[in-house]
Each structure stands twice: as structure tokens, then as C-alpha cells.
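[1] Task: produce atomic coordinates for the following.
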Amino acid sequence: TLGAGTLTNTEDCPSDVFCVFNALQSNFNNFSLADGNTTFLNTATQWTSGFGTLGNSTGKFYMEFKQTVGSYGVFGVINSQDIYQQTAVENSSIGNTSIGTPVAAYYGQSGNKKVNNVDTTFGNAIATNDYVGMAVDLTNSKIYFSKNGVWQGGGDPSAGTGGITITGDTLYVPAVSCYSGTEIEANFGNGYFGTTVISSAGTNASNIGIFEYDVP
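    Below is the predicted model:
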């Protein structure tokens, strides 16, 4: 019997486990998690970062984020070894020198990319309620970002062209950073952003997970 709240259907199950934000990785001084650890909220006036529970060094993966509050969201992947630098990581953003490398990030406020701490022009800025798609091709050491379904920086993950080159032979985990009350909701495949079901499902040839936009 449901005591309170609302039940939501999930694609995540013991035979097909999806990523969430890691509740065990932080001391929770600067952020809170909600919605089955898929919503990340900065509760301080400084940068803080959160990381996924699942990492990979090979294969191809897709996920989506929605910046629902604020304008200081950062999206990317980070070397799993660097997330153990607790103080430096929690009080900074991915792509900064205090966290380490290899790392690749899309800075929503500027639209720039940071790869191994080098900041360069990349794509469009991210506004409140924009969707960010992240396609991680660890087989070919590439990462691609989209804004509202449009791939940025001339990348095309379906064709394997363009994209951001990342360091190979590394165990990466998904990562986000926020500043000053910014909130990010993640869809790792369950078809929800927070408690809101996606408005229209894109195509997905693997049939693993439900996403707002087409899975490359």
C-alpha cells in the first residue's frame, strides 16, 4: 500500500541498472539530491559537483540533463579517480585545475567547452529549462553535447564526426557542477526529469531507456 506521494514507472530494474547521482560520494554540505537521486540542487553560494554511480572505459552511452533553476550548470565526464579528492571536487566545478584530469565539460553559461582544463569556444549557452544531451563514445574517445536536440560545435555522433576528443583508456563517470542555487534534473533513461514525464519520446534503436530526443 502506498503511504504517501506518487508512484512513477521506471525503466531501471535489477537486470538493467541505470546511473543516478551518487549519494555516497559527498558529505552533502553544499547540495541535496531528490527524485531517486536524479535531481541535483546546489544549496550554497559556491560551486559544487556531483557524480554518477556508474563509470565506463569503453562503449557508447547517452543521457540528458535539464537545467530547471539558475544559469550556472556544467555538464560532462570526469576521471573516476578524481572524485575521491573530496574537498577540492565538492567545492569546485569540473574542468577546473583543482579537480584534475582527464575531464571534459560543457559550460552552460558561456557555451564554452573545457577539456583537461583548457577553455575554448564551443556552442550555445544554456538557459533555464533547456535540455542538454550528452553522447559519450568511449570506443572512439569522443564526447558530444546537444542543446534542445541540436548537436553543438559541429559534432554528429551518429556519423562519428566532429565532437570533442577525450583522453582514452580512462574510467569516466558522468558529472555535473552547479553554482548558487542552480538545479539540474537528469534523465539517465527512465523517461522523467524530476517527477515530470518527458513530453515526447525520441527514437532509440537500442530500446534501452526513454529519452526526450533521438538517441544517436
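[2] which strand in this protein runs the most residues?
    With DSSP state E setting the assignment, residue counts place strand 60-69 as the longest strand in the chain.
[3] same question for that strand, mean pLDDT?
    Computed over strand 60-69, the mean pLDDT rounds to 96.
[4] Give me the contact list for that strand.
    When contacts are defined by C-beta atoms under 8 Å, 6 or more residues apart in numbering, strand 60-69 is touched by residues 19, 41, 73, 75, 108, 126-139, 174, 176, 181-189, 193-194, 209, 211-213, 215-216. In this view, the C-beta of every residue, glycine as well, is placed from N, C-alpha and C.
[5] Going along the chain, name the helices of the chain.
    Read by DSSP state H, the chain holds these helices, from start to end of the chain: 86-90.
[6] Sketch out the low-pLDDT regions of it for me.
    Applying pLDDT under 70 to the predicted model, the residue ranges of the chain that meet it are 1, 26-29, 84-91, 97-98, 100.
[7] Recalculate using a threshold of 90.
    Low-confidence segments of the chain, defined by pLDDT under 90: 1-16, 23-32, 42-50, 70-72, 80-102, 116-117, 178-181, 199-200.
[8] ChimeraX command for the buried members of the contacts of strand 60-69?
    Filtering these down to the buried ones (16 or more other C-beta atoms under 10 Å) takes a single ChimeraX command:
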select :19,41,73,75,108,126,130,131,132,133,134,135,136,137,138,174,176,182,183,184,185,186,187,188,189,193,194,209,211,212,213,215,216
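[9] Report the beta-bridge partners for the closest residue to S32 other than its chain neighbours.
    If you skip the residues right next to it in sequence, S32 has L41 as its closest partner in space, 5.1 Å away by C-beta to C-beta, 6 or more residues apart in numbering. According to DSSP bridges, S32, E183 are recorded as the beta-bridge partners of L41.
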